[in-house]
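S.K.: 3D model of this:
(chains A, B, C and D)
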Number of protein chains: 2
Amino acid sequence: MPAASSRLLRLLSLLQSRPEWPGADLAQSLGVTTRTVRRDIDRLRELGYRIDSLPGVAGGYRLSVGNRLPPLLLTDEEAVAIAVGLRTAAGGTIHGLEESSVQALAKLERVLPVRLRHQVKALQAATVPMTAATGPTIDPDLLTQLATACYGHERVSFGYTGSGGERTGRRVEPYRLVYTSWRWYLLAYDLDRDDWRTFRVDRVRGPVRREHRFTPRELPMDDVRAYVSRAVSHHPYRYQATILLRAPVRRLAEGLPPTAGQLEAVDDTSCLLRTGANSLDKLALYIGLMGADFEVLEPAELRDHVRALAERFARGSVVTADPERT
Amino acid sequence: MPAASSRLLRLLSLLQSRPEWPGADLAQSLGVTTRTVRRDIDRLRELGYRIDSLPGVAGGYRLSVGNRLPPLLLTDEEAVAIAVGLRTAAGGTIHGLEESSVQALAKLERVLPVRLRHQVKALQAATVPMTAATGPTIDPDLLTQLATACYGHERVSFGYTGSGGERTGRRVEPYRLVYTSWRWYLLAYDLDRDDWRTFRVDRVRGPVRREHRFTPRELPMDDVRAYVSRAVSHHPYRYQATILLRAPVRRLAEGLPPTAGQLEAVDDTSCLLRTGANSLDKLALYIGLMGADFEVLEPAELRDHVRALAERFARGSVVTADPERT
DNA sequence: GGAATTGAGGACAGAAGCTGTCCTCAATTC
DNA sequence: GAATTGAGGACAGCTTCTGTCCTCAATTCC
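M.R.: Modelled structure (predicted):
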């Protein structure tokens, strides 16, 4: 066994677990002399890691930010936290990171011990993310399976529900997972139809069966995301709303994330919000939390929903229940 | 430069990036013969990695799930996704993972290249998590600084705002970060008061200045979390509410996360919810969106708030604005 | 069943690298 | 100035590595 290689990983692990190590402590932990530790530090530096040092009393070594990310040595708890966080992010809660979150999750889960995998699932079941704009909920296992198949160039087969509700079996060569318009899409080559297809991942019906590997074809487009975006429906939200808000635009804009909608001033004391959501409840909740008087200009069904909520709130602010019975 | 060590890292990176590699491909990528690749595979196995192999046509090597989590080699995008996901989780969105999320985040950010750090901050600024029960928002930088100081046994000094509003400067030896009752606490030894103190992290006023390292003292308690929980106020929420809901408990319970409150049946058609929040707005809207008629039993100020919302929603469902002007 | 394609692993020569020891020098803190 | 840290060269002795060559085993496809 190459003692040097093994020792370098252990040295990296030590340096990551605590920022400051005198050379003598490292030597003792690794079972070598301080001269060898200095050689090992040189080796890690040659591999691209940035290790700062300070001679003198209270001196020692410290792993620093360099140009290259070192291999991350994680404890069980840290790995679970990362996996759950990435699963949550794969659901669309962190705009712009969905695809790399699924890639990182797939990479981690390919090597995550089984005992930790159960823990990840249990913790995620207890997590209920709520965002202003979400698409259908997707099982992260499905995403990581598809992500792994994409990178491994492995054919897969699965059940699929078309837009008209018809169920078909599909055999495909998967190429890319794309998150756009608050949904996951899979760009794949359909073997039975002998052509490229874009699949809505929320319409894939498990299980996904892995098959033989394939030689990747040249993609027929340069920009996969643009291609997928053109192929999908142009109405990501079921409801589009226009709201008049009775507050200065400046006061509201500072609390508004860019994904939440479009805000423009009407005059000094009011502004217009154009936003969207898939649920009248979420739309109402979102508007109610903005802390300003408002009027729903469009759609009429949102006005009806807001009126119904107003009546429910009015009833809720009156106590008719007998306190003795509760 | 130790070619073997460098090559092992490259081999690991190759195996993590794609699941299936014939030995000849690995040899070509690494610039050695297949015999040396087989030796390298043996070396990784001795380091604890589980690498499966399959001889024969379409054979090759694959990194598998073992008993031990191997060092993770991440791309820039994956590292950014993990960092942002952990920062979000540190805010309390994933119950039970706050502390390990901050530990993992501190570990990652100690080595994250500067060019990626800016990206992480920009992406997180665009993320607005909203949960049913939240404490004060804390800058993740502060958390990772404190976490790093804890593990590095480094004294720190910072400004602090007491519960009465008084501003003091503090010099402490930090020991543990604890997340409980929807807030972050720091258990530290106060050098000026020569005693243990528990600090609310949201009351720490930056910057946190690192000072000399210290020799850790023996903690005066066995269970740090229990100690901190006893030391904090027993009213994590500013508002505690009791709500009568006019729906069967079974229908509501299935959509209720365990952190959201305590639900108990009154009779076949109604139940009682005891919950809390720090914002009357969030409390009211949260209850309003449970999909059931309700009555606010306690507190009276919540009833007042719900009545005000009812009026706002009633006004909001009537259009008075001139459509031509918008 | 044989061919082709993969992995497994021993033996060997020649080359390369590693470690501990010893030492001088430099930097920092008390 | 003493004590405590890191830096790094020189050297002997030892260890390890790589490529080559080879036999054997397993798998898939024709």
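
S.K.: Show me chain A divided up by domain.
M.R.: Listed by automatic domain parsing, the domain ranges of chain A are A:3-64, A:74-234, A:239-316.

S.K.: Mind putting these into CSV with distance to DNA strand C and mean neighbour count?
M.R.: Quick note: C-beta positions are derived from backbone N, CA and C, even for glycine. Converted to CSV, those look like this (distance: least, CB to the nearest atom of the strand, whole Å; neighbours: other CB atoms under 10 Å in any protein chain shown):
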stretch, distance to DNA strand C, mean neighbour count
domain A:3-64, 2, 16
domain A:74-234, 11, 18
domain A:239-316, 43, 18
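
S.K.: DNA strand D: which of these is closest?
M.R.: DNA strand D lies closest, by CB to the nearest atom of the strand, to one member of the domains of chain A: domain A:3-64, at 2.8 Å.

S.K.: Turn the domains of chain A into JSON lines, including distance to chain B.
M.R.: Formatted as JSON lines, the domains of chain A follow (distance: least, CB to the nearest CB, whole Å):
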{"stretch": "domain A:3-64", "distance to chain B": "4"}
{"stretch": "domain A:74-234", "distance to chain B": "3"}
{"stretch": "domain A:239-316", "distance to chain B": "4"}
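
S.K.: Serialize the ones you listed to JSON lines and add fields for distance to B:L285.
M.R.: Below are those laid out as JSON lines (distance: least, CB to CB, whole Å):
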{"stretch": "domain A:3-64", "distance to B:L285": "43"}
{"stretch": "domain A:74-234", "distance to B:L285": "11"}
{"stretch": "domain A:239-316", "distance to B:L285": "5"}
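
S.K.: Save those domains as a markdown table, and put in mean pLDDT too.
M.R.: As requested, these are exported to a markdown table (pLDDT from 0 to 100):
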| stretch | mean pLDDT |
| --- | --- |
| domain A:3-64 | 86 |
| domain A:74-234 | 80 |
| domain A:239-316 | 80 |
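
S.K.: Ok, which of those domains comes nearest B:L54?
M.R.: Proximity to B:L54 (CB to CB) singles out domain A:74-234 among the domains of chain A, at 11.7 Å.

S.K.: chain center to the closest one: distance?
M.R.: From the chain centre to the centre of domain A:74-234 is a distance of 11 Å (CA atoms, centre = their mean, to the nearest Å).

S.K.: what does stretch A:35-53 give?
M.R.: On CA atoms, centre = their mean, the centre of stretch A:35-53 falls 35 Å from that of its chain.

S.K.: and that stretch, does that touch DNA strand D?
M.R.: Yes: contact between stretch A:35-53 and DNA strand D, assessed by CB under 7 Å from any atom of the strand, occurs at A:35, A:38, A:41-42, A:53.

S.K.: Identify the residues contacting that stretch?
M.R.: Contacts to stretch A:35-53, defined as CB atoms under 8 Å, 6 or more residues apart in numbering or on different chains, come from residues A:4, A:7-8, A:11-12, A:15, A:23, A:26-27, A:30, A:32, A:59-68, A:70, B:1-2, B:5-6, B:9.

S.K.: export that stretch as CSV, just CAs?
M.R.: This file holds the C-alpha atoms of stretch A:35-53, laid out as CSV (Å, rounded to 0.1, in the frame of the first residue of the first chain):
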residue,chain,number,x,y,z
ARG,A,35,10.6,16.3,7.9
THR,A,36,8.3,14.0,6.1
VAL,A,37,5.3,16.2,7.1
ARG,A,38,7.1,19.1,5.4
ARG,A,39,7.6,16.9,2.3
ASP,A,40,3.9,16.0,2.4
ILE,A,41,2.9,19.6,2.6
ASP,A,42,5.0,20.3,-0.4
ARG,A,43,3.3,17.4,-2.2
LEU,A,44,-0.1,18.8,-1.5
ARG,A,45,1.0,22.2,-2.6
GLU,A,46,2.2,20.7,-5.9
LEU,A,47,-1.3,19.1,-6.3
GLY,A,48,-2.8,22.6,-6.2
TYR,A,49,-3.8,22.9,-2.5
ARG,A,50,-3.1,26.1,-0.7
ILE,A,51,-1.6,25.5,2.7
ASP,A,52,-0.4,28.5,4.7
SER,A,53,2.3,28.2,7.3
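
S.K.: packing partners for the lengthiest helix in chain A?
M.R.: Assignment by DSSP state H gives helix A:300-316 as the longest helix of chain A. Contacting helix A:300-316 under the criterion 3 or more CB pairs under 8 Å, 6 or more residues apart in numbering or on different chains; DSSP states H and E are the following elements: strand A:239-245, helix A:280-288, strand A:294-298, helix B:280-288, strand B:294-298, helix B:300-316.

S.K.: need the ones you listed in TSV with distance to DNA strand D, can you?
M.R.: Shown next, in TSV, are the helices and strands packed on helix A:300-316 (distance: least, CB to the nearest atom of the strand, whole Å):
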stretch	distance to DNA strand D
strand A:239-245	51
helix A:280-288	50
strand A:294-298	59
helix B:280-288	52
strand B:294-298	61
helix B:300-316	60
